[in-house]
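Participant: I need the structure of the sequence given here:
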Amino acid sequence: MFFIGIFGVQDKEETIRTEQAVTCPLCGAYDRYEVLRVYNYFHIFFIPVWKWNKRYFLRTRCCRRICALREEVGQRIEQGQAVTITSADVKCSEPVGNSCPSCGAQLHSSFSYCPYCGSRL
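Facilitator: Sure thing, here's the model as predicted:
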């Protein structure tokens, strides 16, 4: 947060929709995901005045990934339209290092054991 006197600039993350019992567009598992809206805003006396840099993301519970969602799809979801998200609508970066087969946590490639759940990699 950048704050000067009575005004400032902050980032904000809001959950637009949580989809229950759907097929994940990334791994194909039957689970849930959340659609997030992230933006920057300028505020005076902590009242938002101007928003910019609006972006949409998809956070999955099954494969524990956060991927960028196409802006058109995010806007349609925000307007309340029923949208089926496909793998063509999301852009994910490749995970760096290994992931734990038990809990799905992203780990450094030099780890032999998961520091979160203790299982062997």
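Participant: For the rest of this, base every contact and every neighbour count on C-alpha atoms.
Facilitator: Fine.
Participant: Can you give the contact residues for the biggest strand by length in the chain?
Facilitator: Under DSSP state E, the strand in the chain containing the largest number of residues is strand 7-23. Residues outside strand 7-23 that contact it (C-alpha atoms under 8 Å, 6 or more residues apart in numbering): 1-3, 29-46, 77-78.
Participant: Please apply the same query to stretch 113-121.
Facilitator: 100-103, 105, 107, 111-112.
Participant: Tell me the buried residues within the residues you listed.
Facilitator: 100, 105, 107 (16 or more other C-alpha atoms under 10 Å).
Participant: Now render the residues you listed as a markdown table, adding pLDDT, secondary structure and distance to Gly118.
Facilitator: Below are the buried ones among the contacts of stretch 113-121 laid out as a markdown table (pLDDT from 0 to 100; DSSP: H, G, I helix; E, B strand; the rest coil; distance: C-alpha to C-alpha, whole Å):
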| residue | pLDDT | secondary structure | distance to Gly118 |
| --- | --- | --- | --- |
| Cys100 | 80 | coil | 9 |
| Ala105 | 77 | coil | 11 |
| Leu107 | 82 | strand | 12 |
